[in-house]
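**Q** This is a predicted model, with the sequence first.
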Amino acid sequence: MNIRIRVGIGPTKILAKQATDNFAKKNVNGIFTLGKEDVERELWPLTVDKMYGVGSRMTRHFVALGMTTIGHVARTPLATLKQKFRARFGKQSDIQAEVMWRTANGLDDSPVTPGTFDVMPKSIGHGMTLPRDYTTAEEVDIVLLELTEEVCRDARTKGFTSGTVHVFCMCSPYDAPTGFSQQRKMPLCTNNTLKVYRSVREIFHRNWNGLPVRKVGVTLGSLADEEITQLDLFEDVTKVRELDRVMDGIKDRFGSTALIRASSLMKAGLAGDRAGKIGGHYR
């Protein structure tokens, strides 16, 4: 089996992470080194949404502050950035401002601690930027189901169930985007795709404003050990889980497109295209 990996190298963890996300994934050989002397030339010209820890909501805040690139954040004096954050978020935002400023400058004093990889994660999520505007509920439902399939399979692989689900949506146009970020508690902890999808779909259609959709994400939270299972009077939970494991096993052995839902074969489906990518980029 040929397994492709992407490696980011840097003198600090934050630079190594940003080397991976922004450069190694797009590099032909999959390896990129980002040194302290390269930060201004390589990292600063990137748009601010490419900075580690900056999501769509923080991107909008930075743009409103006139900071559209990582360099804009890095070159802003820390005291000035804190003042801007206080005016926008309140007095408690000093730490957040400093984290953003240090990230933009590639500063990270935290040590590499072997063994921390096995700490239980707080959430499991996947998101995607759509190749075009999705304008109908039927189209969006297809990609929401595909994302739910991904996060639930990931949760099953890692041995977790989830008690809450979070849905993110960003609508066009990019220069003045709208959208929402909402979560809800599910009736029972689960990692079953169709059960989670019911909650995902309900959240989306309750909050969607009908504008063209360009980015969506699904995240599972309140993770629990899969072995601790709450039984259902109306369903054989064990059989459902066994079926999920059989389907996951087939995909693990023959590839993620060995089994695919019929909806993903429609024009709006992206499962086949995403199967040929690593981290959102073609292999």
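**A** Arrived safely.
**Q** Tell me if I am right that T129 is in a helix.
**A** No - with DSSP: H, G, I helix; E, B strand; the rest coil as the criterion, T129 is assigned strand and is not in a helix.
**Q** how much space between it and R57?
**A** From T129 across to R57, the span is 15 Å (C-beta to C-beta, to the nearest Å). For glycine as for every other residue, the C-beta is placed from the backbone atoms N, C-alpha and C.
**Q** what do you get for V112?
**A** For V112, the distance to R57 equals 30 Å [C-beta to C-beta].
**Q** Look at these two and report which has more neighbours.
**A** The residue with more neighbours, out of V112 and R57, is R57; 11 against 8, by other C-beta atoms under 10 Å.
**Q** Name the helix or strand for the more buried one, please.
**A** Element membership for R57, per DSSP states H and E: helix 56-64.
**Q** Tabulate the CA atom coordinates of the following helix or strand past that helix in PDB.
**A** Sequence-wise, the next helix or strand downstream of helix 56-64 (DSSP H and E) is helix 70-75. Only the C-alpha atoms of helix 70-75 are listed here, as PDB (Å, rounded to 0.1, in the frame of the first residue of the first chain):
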ATOM      1  CA  ILE A  70      -0.800  37.400   8.300                       C
ATOM      2  CA  GLY A  71       1.800  40.100   7.900                       C
ATOM      3  CA  HIS A  72      -0.700  42.800   8.900                       C
ATOM      4  CA  VAL A  73      -1.200  41.000  12.200                       C
ATOM      5  CA  ALA A  74       2.500  40.300  12.700                       C
ATOM      6  CA  ARG A  75       3.600  43.900  12.000                       C
END
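**Q** Show me which positions of the helix or strand just after helix 70-75 end up buried.
**A** Following helix 70-75 in sequence order, the next helix or strand is helix 78-89 (DSSP H and E). Buried residues in helix 78-89, counted by 16 or more other C-beta atoms under 10 Å: 81-82, 84-85.
**Q** Then stretch 21-29?
**A** Buried residues in stretch 21-29, defined by neighbour count with 16+ other C-beta under 10 Å: 21-25.
**Q** Between those, which sits nearest V200?
**A** D21 (25.5 Å; C-beta to C-beta).
**Q** Any figure for the gap between the closest one and L43?
**A** Distance of D21 to L43, computed by C-beta to C-beta: 11 Å.
**Q** for I95, same thing?
**A** With C-beta to C-beta as the criterion, I95 and L43 are 22 Å apart.
**Q** Give the residue from these two that has the larger number of neighbours.
**A** Legend: neighbour count by other C-beta under 10 Å for I95 and L43, higher for L43 (24 against 10).
**Q** which residues in the stretch 101-250 of the chain form strands?
**A** 124-134, 160-171, 178-190, 213-225 (DSSP state E, counting those that start in this stretch).
**Q** got the contact list for the closest residue to T219 other than its chain neighbours?
**A** Counting by C-beta to C-beta, 6 or more residues apart in numbering, G125 is the residue found nearest to T219 once chain neighbours are left out, at 3.1 Å. Contacts for G125 (C-beta atoms under 8 Å, 6 or more residues apart in numbering) come out as 151, 166, 217-220.
**Q** Next, format those as JSON lines and append neighbour count and pLDDT.
**A** Shown next, in JSON lines, are the contacts of G125 (neighbours: other C-beta atoms under 10 Å; pLDDT from 0 to 100):
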{"residue": "V151", "neighbour count": "24", "pLDDT": "93"}
{"residue": "H166", "neighbour count": "19", "pLDDT": "94"}
{"residue": "G217", "neighbour count": "20", "pLDDT": "93"}
{"residue": "V218", "neighbour count": "29", "pLDDT": "94"}
{"residue": "T219", "neighbour count": "21", "pLDDT": "94"}
{"residue": "L220", "neighbour count": "29", "pLDDT": "93"}
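**Q** now for those residues, which pair is the farthest apart?
**A** For the contacts of G125, the farthest-apart pair by C-beta to C-beta is G217 and L220; their separation is 11.3 Å.
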